[in-house]
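Colleague: just the structure for this:
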Amino acid sequence: MSDATVRILSDAAGVAGAAADEVVEAAIAAVAARGVFHLCTTGGSTPAALYRALREPSRAARMPWGQTQIWFGDDRFVPRADPLSNVAPLDTHLLSASDDGAPSPLSPSAVHPWPTTAPDAPSAVSAYLAELGDAGVPHTPTGFPIFDLVLIGIGGDGHCLSVFPDAPLALEGAPVAAGVPAPTHIEPHVPRLTFSLGVLSSAREVLALAPGAGKAEALAGIFTSSTRVIEAPAKAALIPTATWLLDTASAAKLSA
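Modeller: Predicted structure coming up:
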């Protein structure tokens, strides 16, 4: 079906738990090999469950929090405190105290959001790319950051990051990152900041999370051989370094 590894879990909770296990293992391996774990996370509803799973004691005890740096594949061009911000779920579930009052194991300085207070998208992109360089994130010869693990969610239209179908950022030769006008075909209708698809092939590992029946139609298109990346940008994550975590509802329309 694809060059990626595809795992089908029973439900969304199973996807979140499996994703958290993948993050912990990738972090341990990265720290052992290079002394730091650069995670590029995503937004939407799915990461919240993943973050909660990472705070569970059995995983939290194994996670090398002190050597973890967190980046974002994309974000809405809104203030960090805005509920539409991709940082908001992380602030709520990773940087806040747990329900039993335990402090966050992660330092706020280890979280690197897109600079949405910048005056415009080009300024924000330039500042974020400079921050990556200052933090010592390695880059490919074409300028893409090499993250240890990139998390992506899958949109109902087949998009990932904020790279939408038929958008210039879905084409080969797209810039490393760019501002994206507010989409009209999908909510929320707000401008975005995003890496382009090359950040997937540059990553050491990619983890695509797509639970729920609402993803079934998009996944059927993505996993159809005749579909092109320009039509369903998430197809760019069907690569050997990627693992796709689905549940029985989202995988319902896939062939065997």
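Colleague: correct me, but residue 176 touches residue 195?
Modeller: Yes. Between residue 176 and residue 195 a contact is recorded at 6.5 Å, counting by Cβ atoms under 8 Å. Any C-beta I mention is one placed from the backbone N, CA and C, and that applies to glycine too.
Colleague: residues contacting the residue nearest to residue 185 when sequence neighbours are not counted?
Modeller: The shortest distance from residue 185 to any non-neighbouring residue, by Cβ to Cβ, 6 or more residues apart in numbering, is to residue 157 (6.7 Å). Applying Cβ atoms under 8 Å, 6 or more residues apart in numbering to residue 157 gives the contacts 164, 165, 185, 186, 218, 232.
Colleague: ok, back up a step: between residue 176 and residue 195, which one's more packed in?
Modeller: More crowded of residue 176 and residue 195, by other Cβ atoms under 10 Å: residue 195, with 30 against 19.
Colleague: ok, back up a step: which neighbours do residue 176 and residue 195 share?
Modeller: In contact with both residue 176 and residue 195: 144, 145, using Cβ under 8 Å, 6+ apart.
Colleague: ok, now which ones touch residue 216?
Modeller: 249, 250, 251, 252, 253.
Colleague: secondary structure class for the last one?
Modeller: Put plainly, it is residue 253. Assigned with DSSP: H, G, I helix; E, B strand; the rest coil, residue 253 falls in the coil class.
Colleague: what is the neighbour count of it?
Modeller: The burial count for residue 253: 15, using other Cβ under 10 Å.
Colleague: assess the claim that it and residue 220 are in contact.
Modeller: Yes. The pair residue 253 / residue 220 is scored as a contact, 4.0 Å apart, by Cβ under 8 Å.
Colleague: ok, the residue nearest to residue 185 to residue 222 distance?
Modeller: Residue 157 is 11 Å from residue 222, where distance means Cβ to Cβ, to the nearest Å.
Colleague: common neighbours of those two, please.
Modeller: residue 232.
Colleague: ranges for the strands of this structure?
Modeller: Counting by DSSP state E, the chain has strands at residues 5-9, 37-41, 68-72, 74-76, 149-153, 177-180, 192-195, 206-210, 242-247.
Colleague: could you list the buried residues of the first one?
Modeller: Buried residues in strand 5-9, counted by 16 or more other Cβ atoms under 10 Å: 6, 7, 8, 9.
Colleague: list just the nearest of those to residue 52.
Modeller: Residue 52 lies nearest to residue 9 out of the buried residues of strand 5-9, by Cβ to Cβ, at 15.9 Å.
Colleague: name whatever forms a beta bridge with the closest one.
Modeller: Per DSSP bridges, the residues bridged to residue 9 are residue 247.
Colleague: confidence score at it?
Modeller: Per-residue pLDDT puts residue 9 at 97.
Colleague: show me the contacts for it.
Modeller: Contacts of residue 9 (Cβ under 8 Å, 6+ apart): 15, 17, 18, 211, 245, 246, 247, 248.
Colleague: farthest-apart pair in those, please.
Modeller: Between any two of the contacts of residue 9 (Cβ to Cβ), the greatest distance is 14.9 Å, for 17 and 248.
Colleague: more neighbours, these two?
Modeller: residue 17 (19 against 14).
Colleague: ok, that one - contacts?
Modeller: Residue 17 neighbours (Cβ under 8 Å, 6+ apart): 9, 53.
Colleague: for residue 56, same thing?
Modeller: Here residue 56 is in contact with residue 20 (Cβ under 8 Å, 6+ apart).
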